[in-house]
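>>> build me a model:
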Amino acid sequence: MIQQEHFERIVHALPILQRADPQLAGAFMQIAFLQRIPAGRDVFVEGDRAEAIALLLSGMVRVYKIGETGREITLYRFGLGESCILTANAILSQQSFPAIATVEQDAEAVMIPADAFRNWVRRYDLWREFVFELLSQRLISVMSVVDAVAFRRMDARVAGFLVQRSRTAHPIHITHHEIAAELGSSREVISRILEDFARRGMIRATRGSITIINLESLQIRATL
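Model prediction:
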């Protein structure tokens, strides 16, 4: 159950509740509950049944797949006010979770039990619109991952990844293995690409850290 003082805070993170009618708002306060999830914890692993869906009030969750060779690839992340479309799909289709969802930053979430989530989709137009919008937005991001894996060169993908990360961090604190896990490659391939970038004067790489030296050249490589 959500107390009134917590509900007011949740509304700021989930604007949909500002438009909720008294029935939906009442059901939300009665059935949903708060949960804190520490960094490093797996919310779901492949094959789990989704008993509830999390709407994040803080923190970050990474959703990824591991292939038969052991390589990882990030499908998407979700944070404040967002949720996981694979969880939503698993609940609506009553199938098992098809990936791994791991908390990267300590998270606080509003948890909605699976039965209530399905019931609200049937009963409340506003909630159904929220879920469909969530599915639509995240599908676009997943399709961009598929497009990159299928049609873009790995060096261009690495360059694009570094350009994106440099917008929020400089230097970028990340290992070759972590980049490989993000992009669905091997550490050896990533290391060779980064060594080439360093030789060309685009980056300087040290243990666990990458500094962008020539952003323009890196941006050009990202478009190839």
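
>>> quick one: mean pLDDT over the helix of greatest length in the chain.
Taking DSSP state H as the criterion, the chain has its longest helix at helix 125-151. Average pLDDT, helix 125-151: 84.

>>> and that helix, how far from the chain's centre?
Remark: helix 125-151 is offset 12 Å from the chain centroid, using CA atoms, centre = their mean, to the nearest Å.

>>> could you name the helices and strands sitting against that helix?
Applying 3 or more CB pairs under 8 Å, 6 or more residues apart in numbering; DSSP states H and E, one finds that helix 125-151 contacts strand 72-78, helix 85-93, helix 114-123. The C-beta positions use only the backbone N, C-alpha and C, and glycine is treated the same way.

>>> and the ones you listed: which comes nearest Ile172?
Closest of the helices and strands packed on helix 125-151 to Ile172 is strand 72-78, at 15.6 Å (criterion: CB to CB).

>>> how much space is there between the residue most central in space within the chain and Leu162?
Central residue of the chain (CA atoms, centre = their mean): Arg77, 0.9 Å from the mean position. Here the criterion is CB to CB, to the nearest Å. By it, Arg77 lies 17 Å from Leu162.

>>> hey, what's the closest residue to the residue nearest to the centre of the chain other than its chain neighbours bridged with?
Among residues not flanking Arg77 along the chain, Arg62 sits closest, at 5.2 Å (CB to CB, 6 or more residues apart in numbering). With DSSP bridges as the criterion, Arg62 is bridged to Arg77, Thr102.

>>> how near is Arg62 to Asp42?
10 Å.

>>> likewise for Lys65?
The gap separating Lys65 from Asp42 is 13 Å, by CB to CB.
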